[in-house]
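A.B. asks: Okay, predicted coordinates and the sequence, questions at the end:
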Amino acid sequence: MPKLSLKNVVKRFGDKTVCNGISLDVEEGQMVCLIGASGGGKSTLLRCINLLENIEDGEIFLDGEDIAIPGLNPQPVRRRIGMVFQSFNLFPHMTAAENVMLAPRRVYKRSRDDLRPEITELFTRFGLAEHMNHYPDQLSGGQQQRVAIVRALAMKPEVMLFDEITSALDPQLVGEVLDVLRLLKGSGMTMVLATHEMGFAREAADKVCFLKDGKIIEEAPAKTLFDAPQHPDTQAFLARALK
Ligand SMILES: Nc1ncnc2c1ncn2[C@@H]1O[C@H](COP(=O)(O)OP(=O)(O)OP(=O)(O)O)[C@@H](O)[C@H]1O
């Protein structure tokens with residue numbers, strides 16, 4: 001059974017159909033990259049998976065259980081599916097460690113003392129140990145984004161969604177954030193990424209999906225999709241993106 005499975009997901013905003021019958025399986029431990037031009041529906045699809053958007057039609061299964069049921073409290077699912085956005089959204093008046101501890105303290109009612117060992121381990125694992133007590137404005141954009149990833153991991157999610165997490169970074173800071181994704185993949189995390197980092201998608205993804213106008217036009221193992229795209233729209237997109 002796939003860890004995450006989408007069946008004919010439809011999302012509309014007014015009369016605009018942004019996800020137009022999307023089906024996708026993500027196996028446990030897989031990294032799946034969503035690529036495509038702006039407006040293709042990548043962010044919206046991730047937001048649907050995390051139940052930040054209600055879907056009009058279709059099903060989203062996590063471990064075989066339909067999670068996109070209207071009226072169902074989304075919070076338990078959001079604890080199982082972490083999401084990181086382009087903007088880091090760290091609270092500026094809290095240290096990095098305080099930012100990371102906030103959700104587990106509130107949601108699981110855990111104390112700082114109880115959390116500290118595992119939070120320290122997370123910061124250490126992602127090369128941030130010396131920044132635990134720094135405030136966001138004392139950190140680079142890359143470091144802030146890595147803290148934002150650690151913040152999501154502190155909730156011990158089973159699946160992680162990443163929405164263009166390097167797009168707001170200076171080019172020299174992108175690499176350190178991509179390294180975190182490589183590390184996470186190595187640890188067996190199941191991940192879905194919307195990304196414009198084609199080199200990274202080709203090298204690190206298990207599967208790449210090309211989205212256009214709310215549809216998956218082509219889906220293939222990364223190397224196959226980049227080296228031998230079959231659909232003319234994929235070919236045209238990659239020709240532009242890789243220029
Ligand atoms: N809340 C909303 N209300 C109305 N339209 C929306 C909303 N969110 C997204 N859209 C529209 O849905 C379409 C898909 O947007 P989406 O952000 O999902 O695409 P994307 O592929 O992630 O693009 P990008 O790479 O720029 O993030 C766009 O036309 C966008 O304007």
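C.D. replies: Looks like it came in fine.

A.B. asks: For the helix or strand where Ala239 lies, which outside residues touch it?
C.D. replies: With elements taken from DSSP states H and E, the one containing Ala239 is helix 232-241. Contacts of helix 232-241 with the rest of the structure, by Cβ atoms under 8 Å, 6 or more residues apart in numbering, involve 35-37, 196, 198, 210, 212, 217-218, 225-226, 229. In this view, the C-beta of every residue, glycine as well, is placed from N, C-alpha and C.

A.B. asks: quick one: Gly40 and the ligand, what's the gap?
C.D. replies: Spatial separation of Gly40 from the ligand under the definition Cβ to the nearest ligand atom, to the nearest Å is 4 Å.

A.B. asks: And for Met191?
C.D. replies: Counting by Cβ to the nearest ligand atom, the separation of Met191 from the ligand is 17 Å.

A.B. asks: tally of neighbours for that residue?
C.D. replies: The criterion is other Cβ atoms under 10 Å. On that basis, Met191 has 22 neighbouring residues.

A.B. asks: Repeat that for Asp114.
C.D. replies: 14.

A.B. asks: hmm, back to that, tell me the buried residues within the contacts of helix 232-241.
C.D. replies: 35-37, 198, 210, 212, 217-218, 225-226, 229 (16 or more other Cβ atoms under 10 Å).

A.B. asks: which one of those is nearest the ligand?
C.D. replies: Nearest to the ligand among the buried ones among the contacts of helix 232-241, counting by Cβ to the nearest ligand atom, is Gly36 at 5.8 Å.

A.B. asks: Which residues does the closest residue to that closest one other than its chain neighbours form beta bridges with?
C.D. replies: Beyond its immediate neighbours in the sequence, the residue positioned closest to Gly36 (Cβ to Cβ, 6 or more residues apart in numbering) is Leu211, lying 3.9 Å away. Bridge pairing for Leu211 (DSSP bridges) gives the partners Ile216.

A.B. asks: What residues of stretch 211-223 count as buried?
C.D. replies: The neighbour-count criterion (16+ other Cβ under 10 Å) identifies 211-212, 214-220, 222 as the buried residues of stretch 211-223.

A.B. asks: Now Ala103: closest residue in space, sequence neighbours ignored.
C.D. replies: Using Cβ to Cβ, 6+ apart and skipping the chain neighbours, the partner closest in space to Ala103 is Met155 (5.6 Å).

A.B. asks: The one you found: how many residues sit nearby?
C.D. replies: Applying the criterion other Cβ under 10 Å, we find 16 residues in the vicinity of Met155.

A.B. asks: isn't there a strand covering it?
C.D. replies: No. Residue state for Met155 (DSSP: H, G, I helix; E, B strand; the rest coil) corresponds to coil; a strand is not indicated.

A.B. asks: Which phi and psi values does it adopt?
C.D. replies: Backbone geometry at Met155, expressed as degrees, to the nearest 10, gives phi -90, psi 0.

A.B. asks: ok, residues contacting stretch 172-191?
C.D. replies: So stretch 172-191 is contacted by 3-4, 26-32, 125-127, 140-143, 145-146, 149, 153, 158-162, 165-166, 169, 193, 197, 200, 204 (Cβ under 8 Å, 6+ apart).
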